[in-house]
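> Provided below are the primary sequence and the corresponding predicted coordinates.
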Amino acid sequence: QVQLVESGGGLVQAGGSLRLSCAASGRMFSSYNVGWFRQAPGKEREFVATMSWIDGSTPYADSVKGRFTISRDNGRNTVYLQMNSLKPEDTAVYYCAARAGAVVTTRPDEYNYWGQGTQVTVSS
């Protein structure tokens, strides 16, 4: 079992930065693929970024590529999402997720564990 708790959300002006954290509990977290997703009001949950525990590869959604960076600290059981050059369209609830296994996926229905989410609001 893995439990995830996000933090770091808030209100920021366009062009600003935020760093989200996702603290994980549970054994063997280092062997889980981790991902960040977001959901804006009235929209479906969408993929943002993910990281493979095997080779460290980091696919990103096109909408955030070059602005967001996912990273993890296995010693602290924590995953981060550094968000720079934020835009109003980045406003959403951000969720971290984890799945066991080797497959790297962008599909939210293929992740087994989810945090409660943290709100990010970007004002124009």
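Yes, it's here. Since the model is a prediction, treat every value here as computed from it, not as a measurement.
> which phi and psi does the residue nearest to Gln1 when sequence neighbours are not counted have?
Excluding its sequence neighbours, the residue lying closest to Gln1 (CB to CB, 6 or more residues apart in numbering) is Gly26, at 5.4 Å. C-beta: built from backbone N, CA, C; applies to glycine. Backbone geometry at Gly26, expressed as degrees, to the nearest 10, gives phi 120, psi 150.
> ok, Gly26 - contacts?
Contact analysis of Gly26 by CB atoms under 8 Å, 6 or more residues apart in numbering lists Gln1, Val2, Gln3.
> now Lys87: how far from Gly16?
10 Å (CB to CB, to the nearest Å).
> what residues are shared contacts of those two?
Residues touching both Lys87 and Gly16 (CB under 8 Å, 6+ apart): Val122.
> who does the most centrally placed residue in the chain bridge with?
Among the residues of the chain, the one closest to the centroid is Trp36, at 2.1 Å (CA atoms, centre = their mean). Counting by DSSP bridges, Trp36 is bridged to Ala49, Cys96.
> That one reaches Ser21, doesn't it?
No. With contact defined as CB atoms under 8 Å, Trp36 does not reach Ser21; the gap is 10.9 Å.
> list residues touching both of these two?
Val79.
> show me what contacts the residue nearest to the centre of the chain?
20, 22, 48-50, 68, 70, 79, 81, 94-97.
> On the pLDDT front, check it for me.
On the pLDDT scale, Trp36 is placed at 98.
> For it, give its distance to Arg72.
Counting by CB to CB - Trp36 and Arg72 are separated by 11 Å.
> Now for those two: what residues contact both?
Val79.
> burial of Gln6, as a residue count?
Check again: residue 6 is Glu, not Gln. Other residues lying near Glu6 total 22 when counted by other CB atoms under 10 Å.
> Wait, it touches Gly117, no?
Yes. Using CB under 8 Å, Glu6 makes contact with Gly117 at a distance of 6.2 Å.
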